[in-house]
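**Student:** Sequence first, predicted model second:
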Amino acid sequence: MMVKNKLEYNCPLEATMRIIGGKYKGIIIGHLINKTLRYSELQKMIPQSTPKMLIQQLKELEADKIITRKLYPIVPPKTEYSLSERGKTLIPIILELNNWGIKYLQEENIPCAYLNNNC
């Protein structure tokens, strides 16, 4: 709910899920753990995302200070993304979500192309 340009939440989990609960936000954060990646690399790692959706998710993560974007003024432009200090605090949470997903996929015998590599 918006109140005078400030968000208002009923519980802390609601705030957390707004920040990391986007369609590809958790996946983006996971790929940026201990790495800096260019937009094109993220696009290849998340092929199910449309360019518009990926850009939107990146902008939202940047606005929430979870990732940082570095733009190099060259032709063609080069943009790199990495986790901010705030974003790095999410690493244990994202890793635990990944571990839960691995267990779920194994228990349900659901194939995953990245199962051995972790998404």
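**Tutor:** Yep, that arrived.

**Student:** Report the distance from the helix or strand in which I93 is found to the chain centre.
**Tutor:** Using DSSP states H and E, I93 sits within helix 91-107. For helix 91-107, the distance from its own C-alpha centre to the chain's C-alpha centre is 15 Å (Cα atoms, centre = their mean, to the nearest Å).

**Student:** which parts of it are buried?
**Tutor:** Across helix 91-107, burial judged by 16 or more other Cβ atoms under 10 Å covers 94, 97-98, 101-102. Just so you know, the C-beta spots here come from the backbone N, C-alpha and C atoms, and that holds for glycine as well.

**Student:** ok, now stretch 44-57?
**Tutor:** Quick answer for stretch 44-57 (16+ other Cβ under 10 Å): 45-46, 49, 54, 57.

**Student:** What is the nearest of the residues you listed to Y72?
**Tutor:** Y72 lies nearest to L54 out of the buried residues of stretch 44-57, by Cβ to Cβ, at 19.1 Å.

**Student:** Which residues are in contact with that closest one?
**Tutor:** Neighbouring residues of L54 by Cβ atoms under 8 Å, 6 or more residues apart in numbering: 24, 28, 39, 42-43, 46.

**Student:** just the buried members of those residues?
**Tutor:** 24, 28, 39, 42, 46.

**Student:** Now the third one: closest residue in space, sequence neighbours ignored.
**Tutor:** Right, the one you point to is Y39. If the residues on either side of it in the chain are set aside, Y39 comes closest to T79, at 5.0 Å by Cβ to Cβ, 6 or more residues apart in numbering.

**Student:** which SS class is the one you found?
**Tutor:** strand (DSSP: H, G, I helix; E, B strand; the rest coil).

**Student:** distance of it from T50?
**Tutor:** Separation of T79 from T50 (Cβ to Cβ, to the nearest Å): 17 Å.

**Student:** can you check E80 too?
**Tutor:** 21 Å.

**Student:** With distance to C112, secondary structure and pLDDT as extra columns, can I get the buried residues of stretch 44-57 in TSV?
**Tutor:** Rendered in TSV, the data for the buried residues of stretch 44-57 read as follows (distance: Cβ to Cβ, whole Å; DSSP: H, G, I helix; E, B strand; the rest coil; pLDDT from 0 to 100):
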residue	distance to C112	secondary structure	pLDDT
M45	14	helix	94
I46	15	coil	95
S49	17	coil	95
L54	21	helix	97
Q57	21	helix	97
